[in-house]
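Trainee: sequence unavailable; structure follows:
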């Protein structure tokens, strides 16, 4: 019973950190994270879709894949996906609250998001997107989790290169690297 409450607590705190990092630091400077969140942010910037709701829609195929490979992660990740998506949309008012440079936003936002994701992964839950996919891949092939996250997230940021200004692209690369390293440190701590 205690494990369930720990997992729920990690999911709630991790989701809140994710919502703060995304809305307080990435969105104001049109930076993107990698993975499903990065795709959702690109869609938000160009079509004004709600980021959290878009994450849910885009994560369904990965969650279905997880049911076939990692059932234990599926239910926790579904819970994490729903709570983190809700927090991202609820914390949208933070977009005008912090006045930090692009560099500061990439680093601070990356650390905050990495803390949230790392905490969730440590308790075998995630946002259900590519973090879950990275966890599955790193486990199956004995690869470093941070490396897999950087590769998956890097692919999304690279795809976003055609949509972003050069400085936003470079700061987004810095943000995903910071997210991945922080996630690795927290998840493995």
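Mentor: Yep, that arrived. Small disclaimer: the values here were computed from a predicted structure and weren't measured. Residues are numbered from 1 along each chain as shown.
Trainee: relative to residue 6, how far out is the closest residue to residue 122 other than its chain neighbours?
Mentor: Among residues not flanking residue 122 along the chain, residue 187 sits closest, at 4.9 Å (C-beta to C-beta, 6 or more residues apart in numbering). All C-beta spots, glycine's among them, are computed from the backbone N, C-alpha and C. Going from residue 187 to residue 6 by C-beta to C-beta, to the nearest Å gives 15 Å.
Trainee: pull the longest helix from the chain.
Mentor: helix 166-188 (DSSP state H).
Trainee: who touches it?
Mentor: 26, 29-34, 38, 102-103, 105-107, 109-111, 113-115, 117-119, 121-122, 131, 144-147, 149-150, 153-154, 157, 160-161, 164 (C-beta atoms under 8 Å, 6 or more residues apart in numbering).
Trainee: can you flag the buried ones in those?
Mentor: 26, 29-34, 38, 102, 105-107, 109-111, 113-115, 117-119, 121-122, 131, 145-146, 149-150, 153-154, 157, 160, 164 (16 or more other C-beta atoms under 10 Å).
Trainee: centre of the chain versus the longest helix of the chain, how much separation?
Mentor: Here the centre of helix 166-188 is set off from its chain's centre by 10 Å, with C-alpha atoms, centre = their mean, to the nearest Å.
Trainee: residue 106 reaches residue 32, doesn't it?
Mentor: No. With contact defined as C-beta atoms under 8 Å, residue 106 does not reach residue 32; the gap is 10.6 Å.
Trainee: tell me the secondary structure for residue 113?
Mentor: What DSSP: H, G, I helix; E, B strand; the rest coil gives for residue 113 is helix.
Trainee: three-state assignment of residue 128?
Mentor: What three-state DSSP gives for residue 128 is coil.
Trainee: so what's it up against?
Mentor: Applying C-beta under 8 Å, 6+ apart to residue 128 gives the contacts 36, 55, 59, 62, 63, 66, 77, 78, 80, 81, 84.
Trainee: return the subset of those lying in helices.
Mentor: Using DSSP H, the contacts of residue 128 in helices are 36, 55, 59, 62, 63, 66, 77, 78, 80, 81, 84.
Trainee: tell me the spacing between the first one and residue 88.
Mentor: Distance from residue 36 to residue 88, counting by C-beta to C-beta: 11 Å.
Trainee: let me have the contacts of residue 128 in CSV, extended by neighbour count.
Mentor: CSV is the format used below for the contacts of residue 128 (neighbours: other C-beta atoms under 10 Å):
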residue, neighbour count
36, 28
55, 28
59, 31
62, 22
63, 19
66, 24
77, 30
78, 20
80, 33
81, 27
84, 34
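Trainee: any chance of those in a markdown table, plus pLDDT and distance to residue 13?
Mentor: Formatted as a markdown table, the contacts of residue 128 follow (pLDDT from 0 to 100; distance: C-beta to C-beta, whole Å):
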| residue | pLDDT | distance to residue 13 |
| --- | --- | --- |
| 36 | 91 | 20 |
| 55 | 94 | 18 |
| 59 | 87 | 20 |
| 62 | 79 | 23 |
| 63 | 77 | 21 |
| 66 | 74 | 22 |
| 77 | 75 | 16 |
| 78 | 82 | 18 |
| 80 | 87 | 11 |
| 81 | 89 | 16 |
| 84 | 94 | 11 |
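Trainee: fine by me, thanks again.
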